[in-house]
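> Below are the sequence and a predicted model for it; my questions follow.
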Amino acid sequence: MSRLVVVSNRVAPIDEGKQSAGGLAVAVLAALKKTGGIWFGWSGDVVAAPPSAPSLTPVGRLTYATLDLAKRDYEEYYNGYANSTLWPLFHFRLGLTNFSRRNYAGYQRVNSLFASKLAPLLEPDDMVWVHDYHLIPFAEQLRMIGMKHRMGFFLHTPFPAPEILVALPNHEDLVRALCAYDVVGFHTLCDLRCFINYIRFEARGTVTDRGPGEGYYIKAFGRTLVARSFPISIDTEPLVALAAQAANTRQTERLRDSLVGRDLIIGVDRLDYSKGLPQRFESFHCLLENYPANRGHVSFLQIAPPSRSDVPEYIAIRKELETLSGHINGRFAEFDWVPIRYLNKSFTRRSLAGFFRVSKVGLVTPLRDGMNLVAKEYVACQDPEDPGVLVLSRFAGAAEELDSALIVNPYDIESVADALQRALTMPLEERRQRHADMMGVLRRNDISVWRENFVTALTRAPYDS
Ligand SMILES: O=P(O)(O)OC[C@H]1O[C@H](O[C@H]2O[C@H](CO)[C@@H](O)[C@H](O)[C@H]2O)[C@H](O)[C@@H](O)[C@@H]1O
Ligand SMILES: O=c1ccn([C@@H]2O[C@H](COP(=O)(O)OP(=O)(O)O)[C@@H](O)[C@H]2O)c(=O)[nH]1
């Protein structure tokens, strides 16, 4: 069997005890732990003079190969083109999308640099699996320096509708670069459809259906590849076990004690404008206004670790949420009850598992999200005898599979408040049924299935390199 070489911008913290707030790192680590191989990417450090060779750290059957970024690369590639151009555009936020030629050049430069550093580590039989929008040109760059491996790409964000993508000055170059892979994977059928439509109507390529669940053959820009949806998931059974243990840890007990019998609504998200946090806070406000019996009886815990804190839009959303939570707490708090507990810090998976377990409602309301693993984790952490209810945005990739959640439109503040009220008062039998349906989904499609489906597709894909 070929060795798997995974390439992503974010590599999970090498100290596994540390929390890694970000679904890609969580999911890729879970997938790679089983197969072994190399995980290549940015170390997370920004330094004046990056060393020329990657630093190699073997951990069991897995070797981490990481590179530091120079300040200029961090600004132009990561903060710039990846997170100020592609991220907002791929989340359908044209109004927040900034484009500069300088950042685009930085993006290409880092992709080329990373490809040149990975090439010497590759063995002839390796399969290369590249992740996410930071690294779209990676395969093209590897092929330019003569690498002939099978190469797959998985996009962890949504793929935008072609009408939005064409606003990007270099959209054609970007999609041409995607076509340098042998397999291109998306979370949902909706993302896949957007890609197919671009190929058909903008790139004038051909698209052939491979049959149910198998995706499409794409012929475009002189190459043949497979495009398909592979909904990412969680390591379901270990998380179920962790949550059962975490139900009685000291920390979980402290949270439970602090509630003194009140119901808890929980949200856990990187502090990102795609997560719909201001609208979520407004919906909780609306719940307290429209259903006053909840005042003094329901608390909302929002965990929001800061993310991409050098990008101006992320600074702005942080300020906005501070104002909003202060306003809502000022309006409703009592001497013995604070409606919103808003925390800008991250927690370990174990802590989160316990917090999810004691929460009556999991509130996951992004305006757009590739998948949203928190939605799946919340469900897996419930007590099947007395489960909480997931309230889930229709715009999270997870909604395609978790249709037994209460599905909401996060822009419709009042209807989210209604869904919260319904969740808080839902009869036990209905909660159990919805939970069992969703657990069925999470057991059928866990992280191993995601990895195996992708790797199998890559092994069998047309290979014209
Ligand atoms: O690496 P950062 O800039 O700190 O950001 C963290 C990650 O955020 C994004 O995660 C996405 O991947 C998840 C797993 O597939 C998915 O559930 C979620 O909907 C996405 O937002 C980003 O795509 C990753 O590259 C980042 O590492
Ligand atoms: O304090 C935190 C907050 C989040 N996470 C994890 O970070 C991931 C977030 O992934 P998701 O797909 O929900 O969103 P992303 O941040 O990747 O956009 C999930 O596995 C969370 O459990 C964590 O470990 N600690």
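Thanks, I have it. Ligands and ions are numbered 1, 2, ... in the order given.

> Are stretch 402-419 and ligand 2 in contact anywhere?
No: figure legend: stretch 402-419 not in contact with ligand 2 (Cβ under 6 Å from any ligand atom); closest approach 12.7 Å. Yep, even glycine has a C-beta here, placed from its N, CA and C like the rest.

> Check which helices and strands the helix or strand harbouring Ser258 sits against.
Counting by DSSP states H and E, the secondary-structure element that holds Ser258 is helix 250-259. Taking 3 or more Cβ pairs under 8 Å, 6 or more residues apart in numbering; DSSP states H and E as the contact definition, the neighbouring helices and strands of helix 250-259 are helix 349-358.

> rewinding a little: okay, the helix holding Ser258 in CSV with CA atoms only?
As requested, the backbone C-alpha atoms of helix 250-259 are provided in CSV (Å, rounded to 0.1, in the frame of the first residue of the first chain):
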residue,chain,number,x,y,z
ARG,A,250,-14.4,17.8,38.4
GLN,A,251,-14.6,20.4,35.7
THR,A,252,-18.0,19.2,34.4
GLU,A,253,-19.3,19.0,38.0
ARG,A,254,-18.2,22.6,38.5
LEU,A,255,-20.1,23.7,35.4
ARG,A,256,-23.2,21.7,36.5
ASP,A,257,-23.0,23.1,40.0
SER,A,258,-22.7,26.7,38.6
LEU,A,259,-26.0,26.2,36.8
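
> What residues does the protein have near ligand 2?
Taking Cβ under 6 Å from any ligand atom as the criterion, the neighbours of ligand 2 within the chain are 19-24, 26, 268, 270, 303, 305, 346-347, 349, 352, 371-374, 377.

> rerun that using 8 Å as the cut-off
Taking Cβ under 8 Å from any ligand atom as the measure of proximity, the chain contacts ligand 2 at 19-27, 156, 232, 234, 268-270, 272, 274-275, 303, 305, 307, 345-349, 351-352, 364, 369-375, 377.

> which of the residues you listed count as buried?
Buried positions within these, assessed by neighbour count (16 or more other Cβ atoms under 10 Å), are 19-27, 156, 232, 234, 268-270, 272, 274-275, 303, 305, 307, 346-347, 349, 351-352, 364, 369-375, 377.

> which of these come close to ligand 1?
Near ligand 1, by the rule Cβ under 8 Å from any ligand atom, you find 21-27, 156, 232, 270, 272, 274, 307, 369-373 out of those.

> Can you list which of the residues you listed are found in helices?
The helices, defined by DSSP state H, take in Gly23, Leu24, Ala25, Val26, Ala27, Leu373 from these.

> Output those residues as CSV; include the columns pLDDT.
Below are these laid out as CSV (pLDDT from 0 to 100):
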residue, pLDDT
Gly23, 71
Leu24, 80
Ala25, 82
Val26, 75
Ala27, 78
Leu373, 97
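
> of those residues, closest to Ala246?
Comparing these against Ala246 with Cβ to Cβ places Val26 closest, at 16.2 Å.

> residue contacts, the residue of the stretch 101-250 of the chain found nearest ligand 1?
Closest to ligand 1 within the stretch 101-250 of the chain is His156: 3.4 Å, counting by Cβ to the nearest ligand atom. Under the criterion of Cβ atoms under 8 Å, 6 or more residues apart in numbering, the contact list for His156 reads Gly23, Leu24, His131, Asp132, Tyr133, His187, Ile232, Gly370, Met371.

> Which one of the residues you listed is nearest to Ser325?
Ser325 lies nearest to Gly23 out of these, by Cβ to Cβ, at 24.2 Å.

> any idea how far the nearest residue to Val358 once chain neighbours are set aside lies from Ala246?
Once flanking residues are discounted, Val358 sits nearest to Arg256: 5.2 Å by Cβ to Cβ, 6 or more residues apart in numbering. Arg256 sits 12 Å away from Ala246, taking Cβ to Cβ, to the nearest Å as the criterion.

> quick one, which of these two is more surrounded?
A count of neighbours by other Cβ atoms under 10 Å puts Ala246 above the other of Arg256 and Ala246, at 23 against 17.

> Which residue, other than its chain neighbours, is closest to the more buried one?
Taking Cβ to Cβ, 6+ apart, and ignoring the residues beside it in sequence, Ala246 has Gly354 as its nearest neighbour in space, at 3.6 Å.

> The one you found: what's it in contact with?
Contacts were defined as Cβ under 8 Å, 6+ apart; by that measure Gly354 touches Ala243, Ala246, Ala247, Thr249, Gln251, Thr252, Leu255.

> which parts of the stretch 1-150 of the chain sit against ligand 1?
For the stretch 1-150 of the chain, the contact set with ligand 1 under Cβ under 8 Å from any ligand atom comprises 8-10, 21-27, 78, 82-83, 87, 131-134.

> give me that answer again for 5 Å
Selection of the stretch 1-150 of the chain residues close to ligand 1 by Cβ under 5 Å from any ligand atom yields Arg10, Gly22, Gly23, Leu24, Asp132.

> Quick one: low-confidence residue ranges for the stretch 351-465 of the chain.
By pLDDT under 70, the weakly predicted segments of the stretch 351-465 of the chain are 464-465.

> all strands of it, in order?
Counting by DSSP state E, counting those that start in this stretch, residue ranges of the strands within the stretch 351-465 of the chain are 361-364, 389-393, 406-408.

> So among the contacts of Gly354, which ones count as buried?
Under a neighbour-count criterion of 16+ other Cβ under 10 Å, the subset of those counted as buried comprises Ala243, Ala246, Ala247, Thr252, Leu255.

> Switch those residues over to CSV; also include distance to Val391 and pLDDT.
Compiled in CSV, the buried ones among the contacts of Gly354 are given as follows (distance: Cβ to Cβ, whole Å; pLDDT from 0 to 100):
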residue, distance to Val391, pLDDT
Ala243, 19, 98
Ala246, 22, 96
Ala247, 22, 95
Thr252, 22, 98
Leu255, 20, 98
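
> can I assume Arg318 sits in a helix?
Yes: secondary structure of Arg318, determined by DSSP: H, G, I helix; E, B strand; the rest coil: located in a helix.

> How much space separates it from His327?
Taking Cβ to Cβ as the criterion, Arg318 is separated from His327 by 15 Å.
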